[in-house]
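> fold the following and give me the result.
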Amino acid sequence: MPFTSLTALSPLDGRYAAKLDTLRPLMSELGYMHRRVQVEVAWFVALSDAGFEEFKPLSAGARTYLAALVQNFSEADGQAIKAFEKTTNHDVKAVEYWIKSRFKDRPELERVAEFVHFACTSEDINNTSHALQLKHARAQVILPGLDSLIDRLREMAHALAEVPMLSRTHGQTASPTTLGKEIANVVIRLRQARERIAGVQLLGKMNGAVGNYNAHLSAWPDVDWEAFARKVVETPEPGEAQSSEWGLGLHFQPYSTQIEPHDYMAELFDAVARSNTILIDLARDIWGYVSLGYFRQKLKAGEIGSSTMPHKVNPIDFENAEGNLGLANAVLGHLSEKLPVSRWQRDLSDSTVLRNMGVGLGYSALAWASLMTGLNKLELNEEALAADLDASWEVLAEPIQTVMRRHGLQGAYEKLKDITRGRAVTAADLHPLIRSLEIPQADKERLLAMTPASYIGKAAELARRV
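The predicted structure is shown next:
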C-alpha cells in the first residue's frame, strides 16, 4: 500500500499533515539526520582548528563545501544515508559514511576523512542533535505558537474587559466578574508557562563512550578535551549571534554516562505539558460559555454541525484542541518520566522513545492551531450574559452582608442566608431589607443602586492591565 495522507498511521502525518508543515522538517527523521550531519561537520571543523600537526586547518573552500552539506541537506541526502544504513544497520555510522562519501575527489578532505566522528560515541552526535532539534522547534514552532495564543487572548481580555459576566463557583451562581478578566487570568498563567519553556537550558555533551574522554586522551593525552568539547557545544551556530565559528549554540553538560541524562528534556516537556494543561482548562471553559450562549460561533458557508440536526454549530475546535492536548500530554509525560532513566552507563530504551518527541510537540502545535481557529470564530452575545446576570440577584447577598458587617450589624450573614439560600431572588426581595438597615444613607443608596451587572469589583481594571 503506498504511503499517502489517507494511509498514514498517525493523523499527524495524515488528516492533519498540512497543519504541521513547520514542525515536520525540524522533528522528523529527516530533521534528525540533518542535525546529525551538522554536529559531525562542526566537530570535524573544530578538530581542524585545534592545532594538531596531523590535521591542519581546513581551507576556506573546504569550509564552504562543508557548510553547504549542512545548509543544503535534502531529502535525497537523507535517502542516501538510509541506503548506507541498510548495510551498516547503524544510523549514526551511516551518517559518518555518507559524509565521507561526499569527500570523494576532494583530496584535501579525503586525506583527513578519518577525523569524521573522531573519538565520538554515537550518543555524542545523537544527544546534541536532539538538543538542536528542540532548540529550533522551540524557536520556530513552540514559542511562536504560544505567543500567538497569548497575543490573541490578551486582545480579547482588553476588548471584553468591561463586559460583566456571572461567575460560577462549584457550578453555582457567584460574585460577578467580567469576561475579559477571566480571559486575563489565562493570559497570565500561559505567559508564565511560556517563560518556563523559554528558560530551559538545552544541554549537550561530547565526552565519549562513558563520559570520561577515554578515546580522546588515548590519541592526544596533553589536550584539554573537556575545554575543547565545551567550546564546540557552546560556541553559537554559524550565523547565530554573528558567529563565524563552528559550534552548536547549546549549554555544555560536563557530567554524563554514555548518554546526556535528559533531565533538561524532562524539564522542557513538563513545561510544555503545563502550558497544555492551562489550555485544556481554557478549552473547557470556552466550551461551557458557548453552551451557555455567552458566545456565538461565526458561520462558514457549507459547514455542517450535525448529520441529523441542521441547527447545530458545534464548538468542535475547542473539543479537538482538548483531545489533542490530552494526547500531547500523554506522550510528553511518558518522555519526561522515561528519558532520565537509563540502566548503568547506557541502555537503548531511550532511543526509540526519543523519536516520538515530534509526536508530543506535534499534538501540542495541532491543538494550539485549533484553539486559535476557535477563538477567532467567537462572537459575543451580550444579551445572554445580561439575562443570566439579571436572573441572579442572589449574588448581591455578599455585598449587602459585607456592608452590614462593616457597620457592626449583628447576624448579617444569617439574615441574607435566610432570604437567598436555595431560592430565586429579585431586586424586590433585597431592596426592602436594604431600606430597613441602620447604616449611613450613602451606603444604603449605593447598595440600592447596585445590580448584578455592576457588582464586578476591579475586574475591568485587572483585565485592561494584563
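
> immediately after the lengthiest helix in the chain, which helix or strand?
Across the chain, the longest stretch assigned as helix under DSSP state H is helix 263-292. Remark: after helix 263-292, the chain's next helix or strand is strand 295-297, criterion DSSP states H and E.

> in that next one, what's buried?
Buried positions in strand 295-297, judged by neighbour count with 16 or more other CB atoms under 10 Å: 295, 297. No exception for glycine: its C-beta is placed from N, CA and C like everyone else's.

> same check, this time on stretch 400-407
Applying 16+ other CB under 10 Å to stretch 400-407 flags 400-401, 403-404 as buried.

> next, Glu379: phi, psi?
phi -130, psi 130 (degrees, to the nearest 10).

> strands of the stretch 151-300 of the chain, residue ranges please.
With DSSP state E, counting those that start in this stretch, the ranges of strands along the stretch 151-300 of the chain come out as 164-169, 172-178, 203-204, 251-252, 295-297.

> please identify the most buried of these.
strand 203-204 (a mean of 24; mean count of other CB atoms under 10 Å).

> each with direction, which strands does that one pair with?
Paired strands of strand 203-204, with direction, are strand 251-252 (parallel) (DSSP bridges).

> show me what the strand it pairs with is in contact with.
201-205, 229-230, 233-234 (CB atoms under 8 Å, 6 or more residues apart in numbering).

> tell me which of those fall in helices.
Reading helices off those with DSSP H, I get 229-230, 233-234.

> out of those, which are buried?
With burial judged by 16+ other CB under 10 Å, the buried subset of these is 229-230, 233.

> which of the ones in helices among the contacts of strand 251-252 sits closest to Arg346?
Ranked by distance to Arg346 (CB to CB), the ones in helices among the contacts of strand 251-252 are led by Ala229 at 17.9 Å.

> which non-adjacent residue is nearest the closest one?
Met206 (4.0 Å; CB to CB, 6 or more residues apart in numbering).

> residues contacting that neighbour?
43, 120, 124, 128, 229, 232-233.

> tell me the centre residue of this structure?
Nearest to the mean C-alpha position of the chain, by CA atoms, centre = their mean, lies Val272 at 4.1 Å.

> that one and Ile278, how far apart?
Separation of Val272 from Ile278 (CB to CB, to the nearest Å) stands at 11 Å.

> so what does the lowest-mean-pLDDT helix or strand in the chain touch, helix or strand wise?
Every helix and strand of the chain was ranked by mean pLDDT, DSSP states H and E. The lowest is helix 412-420, at a mean of 80. Using 3 or more CB pairs under 8 Å, 6 or more residues apart in numbering; DSSP states H and E, the elements in contact with helix 412-420 are helix 397-406, helix 427-436.

> those helices: which one's closest to Lys417?
Nearest to Lys417 among those is helix 397-406; the distance by CB to CB comes to 7.6 Å.

> show residues contacting the closest one.
For helix 397-406, the external contacting residues (CB under 8 Å, 6+ apart) are 175, 412-413, 415-417, 419-420, 425, 430, 433-434, 437, 439, 443, 447, 450, 455.

> which of those residues are buried? Put it as a PyMOL command.
Buried residues within the contacts of helix 397-406, by 16+ other CB under 10 Å, are selected in PyMOL with:
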select buried, resi 175+412+415+416+420+425+430+433+434+437+439+447+450+455
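
> got a markdown table for the buried residues of stretch 400-407, with pLDDT and distance to Gly360 too?
As requested, the buried residues of stretch 400-407 are exported to a markdown table (pLDDT from 0 to 100; distance: CB to CB, whole Å):
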| residue | pLDDT | distance to Gly360 |
| --- | --- | --- |
| Ile400 | 93 | 51 |
| Gln401 | 90 | 50 |
| Val403 | 94 | 52 |
| Met404 | 90 | 54 |
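
> can I get the residues you listed in a markdown table with distance to Thr257?
Formatted as a markdown table, these follow (distance: CB to CB, whole Å):
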| residue | distance to Thr257 |
| --- | --- |
| Ile400 | 67 |
| Gln401 | 64 |
| Val403 | 67 |
| Met404 | 68 |
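
> out of those residues, which one sits closest to Leu348?
Nearest member of those to Leu348, counting by CB to CB, is Gln401, at 66.0 Å.

> domain parsing for this structure?
The chain breaks down by automatic domain parsing into domains covering 17-122, 125-206+236-382, 392-457.

> mean neighbour count, those: which tops it?
Among the domains of the chain, highest average neighbours (mean count of other CB under 10 Å) belong to domain 125-206+236-382, with a mean of 19.

> thinking again about what came up before, Leu325: which of the helices and strands packed on helix 412-420 is closest?
helix 397-406 (34.7 Å).

> angle of the closest one against helix 412-420?
Interaxial angle of helix 397-406 relative to helix 412-420 (axes from the mean of the first three to the mean of the last three CA atoms, to 10 degrees): 150 degrees.

> how far is helix 397-406 from where the chain is centred?
Chain-centre distance of helix 397-406: 44 Å, with CA atoms, centre = their mean, to the nearest Å.

> before we move on, back to that, identify the farthest-apart pair in the buried residues of stretch 400-407.
Gln401 and Val403 (7.5 Å).

> how about low-confidence regions in the stretch 251-400 of the chain?
Low-confidence segments of the stretch 251-400 of the chain, defined by pLDDT under 70: 300-313.

> where along it do the helices fall?
Along the stretch 251-400 of the chain, the segments classed as helices by DSSP state H, counting those that start in this stretch run 263-292, 316-338, 349-354, 357-377, 382-390, 397-406.

> now the stretch 1-150 of the chain
24-27, 29-48, 60-71, 75-88, 91-101, 107-110, 122-137, 143-159.

> export those helices to TSV and tack on mean pLDDT and distance to Met372?
Formatted as TSV, the helices of the stretch 1-150 of the chain follow (pLDDT from 0 to 100; distance: least, CB to CB, whole Å):
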stretch	mean pLDDT	distance to Met372
helix 24-27	96	19
helix 29-48	98	24
helix 60-71	97	32
helix 75-88	97	30
helix 91-101	98	36
helix 107-110	98	47
helix 122-137	98	18
helix 143-159	98	6
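
> now those in CSV, with distance to Ser256?
CSV is the format used below for the helices of the stretch 1-150 of the chain (distance: least, CB to CB, whole Å):
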stretch, distance to Ser256
helix 24-27, 23
helix 29-48, 16
helix 60-71, 25
helix 75-88, 25
helix 91-101, 17
helix 107-110, 30
helix 122-137, 8
helix 143-159, 27
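
> quick one: closest of these to Leu339.
The nearest among the helices of the stretch 1-150 of the chain, by CB to CB, is helix 122-137 at 9.8 Å.

> could you say what helices and strands that closest one packs with?
helix 24-27, helix 29-48, helix 91-101, strand 203-204, helix 263-292, helix 349-354, helix 357-377.

> to Val70, which of these lies closest?
Nearest of those to Val70, taken as CB to CB: helix 29-48 at 4.8 Å.
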